[in-house]
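1. how would this look folded up:
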Amino acid sequence: MSAPELPKTNPTTRPRRPWSNRVTRAFWALFVLGVGTFLLYPILVSMNFMFLFGKSPSLEELEDPKVEQPSEIYTADGVLIGKYFRENRVPVTLNKISPLLIKALIATEDVRFYEHSGIDLTALGRAAAGVATGNRSGGGSTITQQLAKNLYKTRRGETRGGLGYIPGVSTLISKTKEWLTAVELERRYTKEEILRMYFNTVEYGSKAYGIKVAAKTFFSTSPDSLTAEQAATLVGMLNNPTAYNPRFHPDAARKRRNLVLTRMGQAGVLPAAEVAALQQQPIVLKYQFEQHIDGPPTYFRGAVSQFVNEWCEKNGYDMYRDGLKIYTTIDSRMQQYAEESVQDRMKRLQQQFDRFWKNRDKNPWVDEEGNEIPNFIETQMKRTEQYKELAERYKGQPALLDSALHRKHPTKVFTWKGDGDTTLLLSPLDSLAYYKHFLHAGMMTMDPFTGQIKAWVGGLNYRFFQYDHVKQGKRQAGSTFKPFVYLTAIDNGYAPCDRIRDERVTINYVENGKDMEWKPDNVTREYTGINMTLRQAMARSVNSVTAQLTERVGWDNVAKYAHKVGIKSPLLPVPSIGLGSGGDVSVYEMVNAYSTFVNQGFQSDPMIVTRIEDRNGNVIKQFDPKQRRAISPETAWLMLYMLRGGMDEPGGTSQALWEYELWKKNNQIGGKTGTTSNYSDGWYMGVTKDLVTGVWVGGEDRSIHFQGSQQGEGGRTALPIFGKYMEKVYEDSDLGITMGPFPKYPGKITRRYQCVSEQPRRRQAEAVDTIVVDNLLENLNSGAVPVPDSL
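-> The predicted model follows:
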């Protein structure tokens with residue numbers, strides 16, 4: 001009997017496994033994938049895989065973390081005068097921090113700080129449970145994790161990758177980076193170093209970063225002098241610097257402080273009785289807020305910041321975060337004397353100015369005939385940014401625009417009375433008219449041998465007048481430009497004893513192919529007929545002689561020589577260039593140019609910064625003087641001799657300086673006054689054996705001025721500032737600026753210069769140094785002849 005036939009099967013088919021086996025395989029696959037992802041995830045985050053996770057701190061950054069630190073500005077004599085910062089912080093060592101503050105921090109933020117290695121698993125588990133149950137009794141971040149976030153900005157900028165913009169995912173990635181970074185920090189630094197870095201990086205609100213600035217800002221004290229309640233207040237603020245700021249939210253800050261005190265009591269830092277007593281006390285602040293740019297507002301700070309910013313951009317530094325130490329050329333004492341001299345003189349001068357125009361029952365903005373300019377304020381208003389904003393806001397609504405311009409509201413304004421400011425009820429038009437009444441000033445002193453600027457006063461008060469009249473402002477220089485005519489002559493063979501007659505002359509020249517003539521007048525319309533030496537003519541500021549000499553040496557050459565010794569502004573080569581009408585120049589340029597005479601013919605580039613150090617005190621840039629030969633030493637010495645003529649020659653325009661205590665030890669001073677047409681600008685340039693100083697005084701607009709030489713000429717407006725300033729400088733023996741004669745020329749002078757009999761040192765009658773009156777009115781009015789603005 002044959003065996004039964006078995007059913008045929010397909011050799012390619014296999015029996016199916018039970019469903020449970022497939023589930024098991026899927027489970028293990030997901031398990032392996034999950035474990036692999038868990039193990040790889042930190043690596044992917046740290047390496048910023050496919051730019052998904054954002055940048056993590058590099059090894060170099062971990063070894064040498066960079067904390068934002070303000071840059072500090074110092075004077076040449078070592079006085080701290082300000083800071084530049086985005087985050088205002090000053091690092092402090094741990095031994096300069098109160099132990100109470102350290103204990104308060106640990107008791108509140110991280111009780112197991114000395115036990116973990118960057119991640120507190122207990123706190124992390126409690127935080128996770130709190131999220132799940134909705135009972136958030138505390139966070140899971142350790143002090144080290146918070147430090148990682150503060151140091152490396154793990155939640156902003158380039159630290160955010162492609163996934164960093166997905167809610168929830170971004171938080172997970174940021175936390176992961178903080179965990180990883182915290183572990184690395186714990187490996188590289190001791191607990192004490194971590195605490196030091198933490199206190200120096202954390203934000204306390206009110207733009208106070210780091211414990212030293214916070215202690216100063218809120219309590220006007222140092223970190224090592226903080227009391228228990230002050231320490232508790234500052235630690236309490238760390239949780240939310242805005243919500244718990246005691247300056248703006250005192251009730252919330254006090255509750256938070258009391259919680260910290262409770263934690264301190266629980267940790268055994270403070271006895272229970274002391275905790276209870278301290279919790280009853282209010283928060284007592286001694287608040288002092290530091291501005292973004294801290295320090296007294298001064299005009300030269302703007303020049304410093306512009307210079308250093310440009311250098312930083314070229315060299316990879318950030319002035320607002322790299323903790324640089326910037327050493328300027330400014331001497332704090334000379335700066336103080338300059339500011340005092342300007343303030344004292346301008347206060348009195350403003351009183352005279354106000355009386356002058358009040359007695360004439362008109363405003364000080366007048367035309368060539370002395371008549372008040374109609375609608376002057378309305379015209380000026382249309383040039384302001386305020387008007388442009390209002391015009392845009394009320395476009396097509398002239399009635400509303402006019403109403404806005406005339407609407408009065410309380411306005412804080414500058415005044416020479418009291419503390420320097422007052423509040424008045426003014427409209428925008430009223431405010432503009434108020435400020436247009438003020439006279440302004442600019443003053444600068446430079447060491448001619450190094451180019452170092454020692455004093456810089458750009459105006460009356462930087463809070464109210466930001467326009468800088470030292471470098472930014474440019475005006476016609478009047479007679480202070482005349483020395484460049486005499487320089488051109490002397491460097492081309494003329495001698496101080498050469499003579500030109502003071503007489504009426506006609507200057508013929510060609511302009512645009514057309515024959516022209518110019519007949520310059522002396523201010524008095526009188527001519528002495530004296531065959532004057534060049535020294536006497538420059539000392540007395542005689543126009544007719546200057547005009548003749550300009551014609552002889554060439555007005556184009558005068559422009560070239562002015563540029564050669566330091567003038568940078570464009571100059572028109574016109575017959576009247578020697579009278580100051582060739583172009584507008586700044587005090588900065590004029591001081592630079594006159595310094596060439598004192599520096600034996602070398603032109604020095606003005607310096608405002610001497611060196612820059614990094615945060616550790618290492619010099620990263622030294623700025624050395626830059627000089628070039630501009631004129632010969634003999635020419636330079638002869639020009640000093642010419643400038644001394646303002647004091648020595650009969651009728652010299654500088655002789656008002658005899659009134660000041662400047663003449664001991666055979667002291668010598670050279671100088672030149674200058675006044676432009678209508679007395680719009682008053683100048684004085686003064687030189688001594690050590691310093692060169694320039695002073696300008698005038699209205700904001702050329703139409704705002706005195707109307708007579710007794711009040712408005714440079715010898716009466718600007719010269720007194722120089723005289724009082726030099727008195728103060730000489731009185732301060734610590735400066736090392738002494739009285740004495742100019743050095744003798746080391747060689748033999750090849751040209752005759754001693755041609756005036758010595759005059760007794762007494763006050764001589766001053767020559768009037770002011771406007772020029774030109775006879776060719778038709779040519780002047782048509783613009784055919786350049787108007788000579790000044791002596």
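2. Quick check: neighbours of the helix or strand where residue 698 lies in the sheet, parallel or antiparallel?
-> Using DSSP states H and E, residue 698 maps to strand 692-699. Its sheet considered, strand 692-699 pairs with strand 439-446 (antiparallel), strand 681-687 (antiparallel) by DSSP bridges.
3. Return the most buried member of those strands.
-> A comparison of the strands paired with strand 692-699 by mean neighbour count, using mean count of other C-beta atoms under 10 Å, puts strand 681-687 on top with a mean of 30. Using the backbone N, CA and C atoms, a C-beta is placed for each residue, glycine as well.
4. Quick one: the helices in the stretch 501-650 of the chain, in order.
-> 534-540, 543-553, 555-565, 587-598, 633-648 (DSSP state H, counting those that start in this stretch).
5. Turn the ones you listed into TSV, including mean pLDDT, mean neighbour count and distance to residue 285.
-> TSV is the format used below for the helices of the stretch 501-650 of the chain (pLDDT from 0 to 100; neighbours: other C-beta atoms under 10 Å; distance: least, C-beta to C-beta, whole Å):
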stretch	mean pLDDT	mean neighbour count	distance to residue 285
helix 534-540	94	27	63
helix 543-553	95	23	65
helix 555-565	97	21	57
helix 587-598	98	27	44
helix 633-648	96	23	58
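6. With distance to residue 226 added, can I get those in JSON lines?
-> Shown next, in JSON lines, are the helices of the stretch 501-650 of the chain (distance: least, C-beta to C-beta, whole Å):
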{"stretch": "helix 534-540", "distance to residue 226": "66"}
{"stretch": "helix 543-553", "distance to residue 226": "70"}
{"stretch": "helix 555-565", "distance to residue 226": "58"}
{"stretch": "helix 587-598", "distance to residue 226": "47"}
{"stretch": "helix 633-648", "distance to residue 226": "60"}
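7. Show me the one of those that comes nearest residue 670.
-> Residue 670 sits nearest to helix 633-648 of all these, at 3.0 Å, using C-beta to C-beta.
8. between the closest one and helix 587-598, how many degrees?
-> Using axes from the mean of the first three to the mean of the last three C-alpha atoms, to 10 degrees, the direction of helix 633-648 lies 110 degrees away from that of helix 587-598.
9. hang on, the earlier thing: nearest to residue 369, of the helices of the stretch 501-650 of the chain?
-> helix 543-553 (22.2 Å).
10. which residue packs closest to the residue positioned nearest the centre of the chain, ignoring adjacent ones?
-> Centrality entry for the chain: nearest residue to the mean C-alpha point is residue 302, 2.2 Å, by C-alpha atoms, centre = their mean. Spatially, and ignoring its direct neighbours in sequence, residue 302 is nearest to residue 468 (6.4 Å; C-beta to C-beta, 6 or more residues apart in numbering).
11. Find the nearest non-adjacent residue to residue 278, please.
-> Per C-beta to C-beta, 6+ apart, closest to residue 278 is residue 229, 4.8 Å.
12. The one you found and residue 253, how far apart?
-> Note on residue 229: its distance to residue 253, by C-beta to C-beta, to the nearest Å, is 11 Å.
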